[in-house]
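> this one's sequence-less:
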């Protein structure tokens with residue numbers, strides 16, 4: 001049998017920056033199909049060695065061929081921008097159920113599903129308490145995915161992801177934020193934040209496709225435990241830039257948008273024990289300083 005047909009098959013739904021990093025780490029060893037809603041995106045996907053499939057999660061009738069394509073699915077597509085549900089995930093799961101060949105499904109969720117934890121350190125057993133519609137959409141998606149896994153027998157892994165950064169991605173380099181003078185909260189009002197390098201996230205996606213336990217959530221975060229102000233002060237120091245200006249919470253409420261303020265209203269510290277013990281991911285960048293020193 002030709003080698004092409006012996007390669008493992010993978011379907012990527014939402015093949016953006018992280019999906020492309022997954023592809024680079026696979027190095028052509030898998031046969032990958034990527035769902036795209038844009039015909040203009042197909043040449044770029046083909047150049048990455050991927051078979052593009054035109055379809056739109058907002059138009060379920062276009063997903064008819066999806067369910068029988070691959071036994072492993074990486075779902076990185078975001079929910080819609082409004083509402084407290086995720087009909088895109090519902091449409092995807094309906095299509096996968098029709099095909100009946102999905103054995104493993106990995107979903108990129110968010111740590112925002114926990115809401116504000118007051119700076120507490122916790123693992124994946126903590127109760128969910130989403131405080132925004134953005135987070136509620138993710139909770140709804142997670143619930144649908146767990147139900148799908150139990151009903152179909154597929155192993156579903158929910159990757160709960162904090163702030164993603166990468167020095168080679170426009171808008172993803174934390175030095176850019178510091179260089180433009182973006183403020184942080186004053187120390188007395190500061191919140192704990194969590195981070196992951198995009199390459200380590202891609203490695204976690206692949207590990208979950210191999211080793212994810214059924215209907216299991218996993219924090220995909222690095223080892224750092226800093227407040228937001230401490231995080232960006234360290235970035236500034238290592239980059240030779242002035243430290244970010246500090247605002248009180250009252251000053252922030254006057255100057256920032258409600259969306260920006262929502263990220264400053266939640267404080268948590270995440271355990272990544274499952275990431276290391278169950279998925280056996282050895283972080284290449286356990287701290288932002290490792291990435292900045294490596295350049």
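Nice, I can see it. Source: prediction; values computed, not measured.
> Need the residues that contact stretch 53-68.
11, 13, 33-37, 39, 42, 69, 77, 80, 87-89, 91-92, 94-102 (C-beta atoms under 8 Å, 6 or more residues apart in numbering). Any C-beta I mention is one placed from the backbone N, CA and C, and that applies to glycine too.
> For the closest residue to residue 269 other than its chain neighbours, give its distance to residue 290.
The shortest distance from residue 269 to any non-neighbouring residue, by C-beta to C-beta, 6 or more residues apart in numbering, is to residue 121 (4.0 Å). For residue 121, the distance to residue 290 equals 21 Å [C-beta to C-beta, to the nearest Å].
> So which of these two has more stuff around it?
Legend: neighbour count by other C-beta atoms under 10 Å for residue 121 and residue 290, higher for residue 290 (15 against 12).
> That one: what's its closest spatial neighbour, skipping adjacent residues?
Using C-beta to C-beta, 6+ apart, the closest residue to residue 290 is residue 284 (7.6 Å).
> of the contacts of stretch 53-68, buried ones?
11, 13, 33-36, 42, 69, 77, 87-89, 91-92, 95-96, 99, 101-102 (16 or more other C-beta atoms under 10 Å).
> when you check those residues against the strands, which ones overlap?
Using DSSP state E, the subset of the buried ones among the contacts of stretch 53-68 located in strands is 11, 13, 33, 34, 35, 36.
> and the residue nearest to residue 269, what does it touch?
Counting by C-beta under 8 Å, 6+ apart, residue 121 has contacts 225, 268, 269, 270, 271.
> Just send those residues back as JSON lines, with neighbour count and distance to residue 261 too.
Compiled in JSON lines, the contacts of residue 121 are given as follows (neighbours: other C-beta atoms under 10 Å; distance: C-beta to C-beta, whole Å):
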{"residue": "225", "neighbour count": "16", "distance to residue 261": "23"}
{"residue": "268", "neighbour count": "22", "distance to residue 261": "17"}
{"residue": "269", "neighbour count": "17", "distance to residue 261": "21"}
{"residue": "270", "neighbour count": "26", "distance to residue 261": "21"}
{"residue": "271", "neighbour count": "15", "distance to residue 261": "27"}
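> for these, which one is nearest residue 162?
Checking these against residue 162 with C-beta to C-beta, the nearest one is residue 270 at 6.9 Å.
> Report how many residues lie close to residue 6.
The number of residues near residue 6, taken as other C-beta under 10 Å, comes to 8.
> how far away is it from residue 31?
Residue 6 is 9 Å from residue 31, by C-beta to C-beta.
> Make sure residue 109 is indeed in a helix.
No - using DSSP: H, G, I helix; E, B strand; the rest coil, the assignment for residue 109 is strand, not a helix.
> That one contacts residue 161, doesn't it?
Yes - because the distance of 6.6 Å satisfies C-beta atoms under 8 Å, residue 109 is recorded as touching residue 161.
> ok, these two, which is more surrounded?
More neighbours surround residue 161 than the other of residue 109 and residue 161, with 24 against 21 (other C-beta under 10 Å).
> tell me the contacts of the closest residue to the more buried one other than its chain neighbours?
Leaving aside its sequence neighbours, residue 161 sits nearest to residue 220 (C-beta to C-beta, 6+ apart; 5.1 Å). Contacts for residue 220 (C-beta under 8 Å, 6+ apart) come out as 159, 160, 161, 162, 196, 200, 201, 204, 272, 275.
> Identify the farthest-apart pair in these.
Farthest pair in the contacts of residue 220, by C-beta to C-beta: 160 and 200, 14.2 Å.
> Looking at the contacts of residue 220, which one is closest to residue 232?
Once C-beta to C-beta is applied, the member of these that ends up nearest residue 232 is residue 162, at 14.8 Å.
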